[in-house]
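> Provided below for reference: sequence and predicted model.
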Amino acid sequence: MYIYAAITRKNNNNMTVREYLENNILLFDGGMGTYFSQKNYRQGMSCELAALHQPELISEIHKEYLKVGAKAIKTDTFAVNRVVFQGDEDLVHRTTAAAWKLAKDAAAEYDAYVFADIGTISGLSEEQNIFEEYQFVADCFLEQGAQNFLFETNAGTEGLPEITAYIREKVPSAYIIVSFAVQADGYSREGVWAGDLFSEMQSSSADALGLNCVCGARHMLELVQKLDHEGITLSLMPNAGYPTVINNRTYYDGDPMYFASQIREMAAEGAAIVGGCCGTMPVHIEMVKKELQEVQRIVPGKKERVSRIPAAEAAESLFWNKLQAGEKVIAVELDSPADANMVKFMKGAWELKGAGADIITIADCPIARARMDSSLLACKIRRELSMDALPHMTCRDRNLNATKALLFGLYAEGVRNILLITGDPIPTAERDEVKSVYQFNSRKLAAFVTSLAKKSLPGPFHLFGALNVNARNFDVQLRLAKEKTEKGMVGFLTQPILTEQAFENLKRAREELDAYLLGGIIPVVSERNARFMDSEINGINVDPKITELYAGKNRAEAEELAVEISTEIMRRISPYVDGYYLMTPFGRTGLIARIIEAGV
């Protein structure tokens, strides 16, 4: 149900945005950047710098939107910040000042509001603080007398509660909108669900929350209809449909009348602030103005949101059931084939199952070298061996869409356990040929998978991560592991424990982490193998005493020693782990089978 606010037709002069919204829907302008690109004939000139170099054109664009009915306009400063301007603070100051004056002068004639437009800030180094970057830009606008702020196209909430509080402290009467960019399925590029983004910001100093960019109008409307936005002043600014690229230029050809009709429905859904993003020109805003001519401002009340996900029993995971029951589990990593021949791999998997392994773990193209897909192999193991598999999933090779599609497939095939890692980067010499994706890190990926399972699947995935007990600064590893558990990870597989320091770090992890731990064990098969791993494999340290034990040993003797050392490590770490994570060297599954049989 909705509560209709009464309409009063009073003069808007000297009325604040907050007062205006009591009885009116606030109509914004459209996509400055894309419209500027259409009208500008200077190659290489950015929209933001045009405030300094082409002020007449920026002023003309503002006035075009105002003439057709926009009641609020944005400064052309989406990408004005110290990161984009490579630390040039003077250029940030001059650009914001010029953009503010152009917008203010244009709006004065039409009794319209001006919002300082601050886009998402990305590409920060570890030393940079996003709040400080937001603060610098906000201060530039505050110096100009800005009262209204729009933080738009955000994928997450980092720094936003702090900056909205900062502005509120400086200007208590300020009106602040925070808007997020999400795909039609409701997830941002950082893998965060729109409803969760709203929830994280509801206790902030923002006056309005909303969505902009990425989505076309219809998809944004359908998404909003799924969200619970009770108590939120809702801002919606969709794109003019979806783009096409011709000769390296992006074009939008969405029908303005259709766009306007969808905006009208958004207003009926309770949107108090509407406008356009990429591809929306003055004609789109003109059509919206006409559509909203007789539409009343609606205050959304609570209404029932019906989940479209049917209830279902999760497929049984014997590995997970055993882990929850407090029994020691055995996970074995088996390298996927480097070609299309999986005979050896499947034969090894059968051998490991027979030896008592509870789950087969499969790396996702380790050291950034292509191998058979870990998820496809996990599905095959699940189908043909009736055995659990734990595919590794990296952030290196898939964007959000590809990851989501893969997760749906894994769930449908009965795979319920996944190990999430950031992944090794592509080697430098190959970067021109093979590109890394890295849309998110393992923590953000964990949050995405957890949220996806809640919103779009009948049951959860059990998420695991990696814990490097050989790290020089183990405090950092523990901090990251704690963050991962907060994002939904339930357990960790450790790197091999082949030194006293690794053992001590494992004990610390047991004390400090509220998660399952599977202690890493890799059998050393020769002196040469020990020296290679210690010198060239990241995350593996081998005690020199262990290396010395292999001196002069033949293969059979070295294998006996490997079984002896590995089983001794299993016994030693047993009080501190919930299971064991064995890594198979050179595909020698027979050796791993012997260790399992001797160590259990």
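Received the coordinates, thanks.
> Point out where the stretch 151-300 of the chain drops to low pLDDT.
Within the stretch 151-300 of the chain, the ranges that satisfy pLDDT under 70 run 243-253, 298-300.
> what ranges do the helices span in the stretch 151-300 of the chain?
Counting by DSSP state H, counting those that start in this stretch, one finds helices in the stretch 151-300 of the chain at the ranges 160-170, 194-201, 217-226, 256-269, 282-291.
> Residue 500 against residue 543, yeah?
Yes. Look at residue 500 against residue 543 with Cβ atoms under 8 Å: they come within range, at 7.0 Å. Using the backbone N, CA and C atoms, a C-beta is placed for each residue, glycine as well.
> before we move on, back to that, take the helices of the stretch 151-300 of the chain and lay them out in JSON lines including distance to residue 18.
Below are the helices of the stretch 151-300 of the chain laid out as JSON lines (distance: least, Cβ to Cβ, whole Å):
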{"stretch": "helix 160-170", "distance to residue 18": "13"}
{"stretch": "helix 194-201", "distance to residue 18": "18"}
{"stretch": "helix 217-226", "distance to residue 18": "22"}
{"stretch": "helix 256-269", "distance to residue 18": "18"}
{"stretch": "helix 282-291", "distance to residue 18": "22"}
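> between these, which gets nearest to residue 483?
In this view, the helices of the stretch 151-300 of the chain are compared for proximity to residue 483 by Cβ to Cβ, and helix 194-201 is the closest at 15.6 Å.
> Now that closest one - C-alpha only, PDB.
What follows is helix 194-201 as a C-alpha-only set of coordinates in PDB (Å, rounded to 0.1, in the frame of the first residue of the first chain):
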ATOM      1  CA  ALA A 194      21.500  -3.700  -4.000                       C
ATOM      2  CA  GLY A 195      19.400  -4.300  -0.900                       C
ATOM      3  CA  ASP A 196      22.500  -4.900   1.200                       C
ATOM      4  CA  LEU A 197      24.000  -1.600  -0.100                       C
ATOM      5  CA  PHE A 198      20.900   0.200   1.000                       C
ATOM      6  CA  SER A 199      20.900  -1.500   4.400                       C
ATOM      7  CA  GLU A 200      24.600  -0.500   4.900                       C
ATOM      8  CA  MET A 201      23.800   3.200   4.200                       C
END
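> list the helices and strands it packs on?
With contacts defined as 3 or more Cβ pairs under 8 Å, 6 or more residues apart in numbering; DSSP states H and E, the packing partners of helix 194-201 are helix 160-170, strand 175-180, strand 208-216.
> still on that earlier bit, which one of residue 500 and residue 543 has more residues nearby?
Applying other Cβ atoms under 10 Å to residue 500 and residue 543 shows that residue 543 carries more neighbours, namely 19 against 10.
> ok, that one - contacts?
Residues in contact with residue 543, defined by Cβ atoms under 8 Å, 6 or more residues apart in numbering, are 498-500.
> With residue 254 instead?
For residue 254, the contacting residues are 216-217, 239-242, 279, 284, by Cβ under 8 Å, 6+ apart.
> Give me the helix or strand of this protein that scores worst on average pLDDT.
When the helices and strands of the chain are scored by mean pLDDT, DSSP states H and E, strand 2-4 comes last with a mean of 31.
> Could you take the helices of the stretch 151-300 of the chain and lay them out as JSON lines, with extra columns for mean neighbour count and distance to residue 444?
Output for the helices of the stretch 151-300 of the chain, formatted as JSON lines (neighbours: other Cβ atoms under 10 Å; distance: least, Cβ to Cβ, whole Å):
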{"stretch": "helix 160-170", "mean neighbour count": "19", "distance to residue 444": "16"}
{"stretch": "helix 194-201", "mean neighbour count": "20", "distance to residue 444": "12"}
{"stretch": "helix 217-226", "mean neighbour count": "20", "distance to residue 444": "20"}
{"stretch": "helix 256-269", "mean neighbour count": "20", "distance to residue 444": "29"}
{"stretch": "helix 282-291", "mean neighbour count": "22", "distance to residue 444": "34"}
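> closest one to residue 585 among these?
Evaluated over the helices of the stretch 151-300 of the chain, closeness to residue 585 peaks at helix 194-201, with 42.4 Å, by Cβ to Cβ.
> what angle do the closest one and helix 160-170 make?
40 degrees (axes from the mean of the first three to the mean of the last three Cα atoms, to 10 degrees).
> any residues touching helix 194-201, and which ones?
So helix 194-201 is contacted by 154, 156-157, 160-161, 178, 180, 182, 186-188, 209, 211, 223, 227-229, 232, 451 (Cβ under 8 Å, 6+ apart).
> State the phi and psi torsions of the residue nearest the centre of the chain.
The centroid of the chain falls nearest to residue 190 when counting by Cα atoms, centre = their mean (1.8 Å). According to degrees, to the nearest 10, the main-chain angles of residue 190 amount to phi -90, psi 0.
> correct me, but it touches residue 155?
Yes. In terms of Cβ under 8 Å, residue 190 counts as a neighbour of residue 155; the distance is 4.3 Å.
> if we can go back for a sec, of the contacts of residue 543, closest to residue 56?
Distance from residue 56 was checked for each of the contacts of residue 543 by Cβ to Cβ. The minimum falls on residue 499, at 68.8 Å.
> Can you say which of the helices of the stretch 151-300 of the chain is nearest to residue 88?
Each of these has some distance to residue 88 by Cβ to Cβ; the shortest is helix 160-170, at 20.9 Å.
> that older thread, buried among the contacts of helix 194-201? Make that a ChimeraX selection.
Selecting only the buried members of the contacts of helix 194-201 in ChimeraX, with burial defined as 16 or more other Cβ atoms under 10 Å, works like this:
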select :154,156,157,160,161,178,180,182,186,187,188,209,211,223,227,229,232,451
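> re the thing from before, okay, the helices and strands packed on helix 194-201 in a markdown table with distance to residue 50 next?
Shown next, in a markdown table, are the helices and strands packed on helix 194-201 (distance: least, Cβ to Cβ, whole Å):
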| stretch | distance to residue 50 |
| --- | --- |
| helix 160-170 | 26 |
| strand 175-180 | 23 |
| strand 208-216 | 20 |
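> which one of those lies closest to residue 405?
Shortest distance between residue 405 and the helices and strands packed on helix 194-201, using Cβ to Cβ, is found for strand 208-216: 17.7 Å.
> Could you list every helix and strand in contact with that closest one?
Taking 3+ Cβ pairs under 8 Å, 6+ apart as contact, the helices and strands that strand 208-216 lies on are strand 148-154, strand 175-180, helix 194-201, helix 217-226, strand 234-239, strand 271-274.
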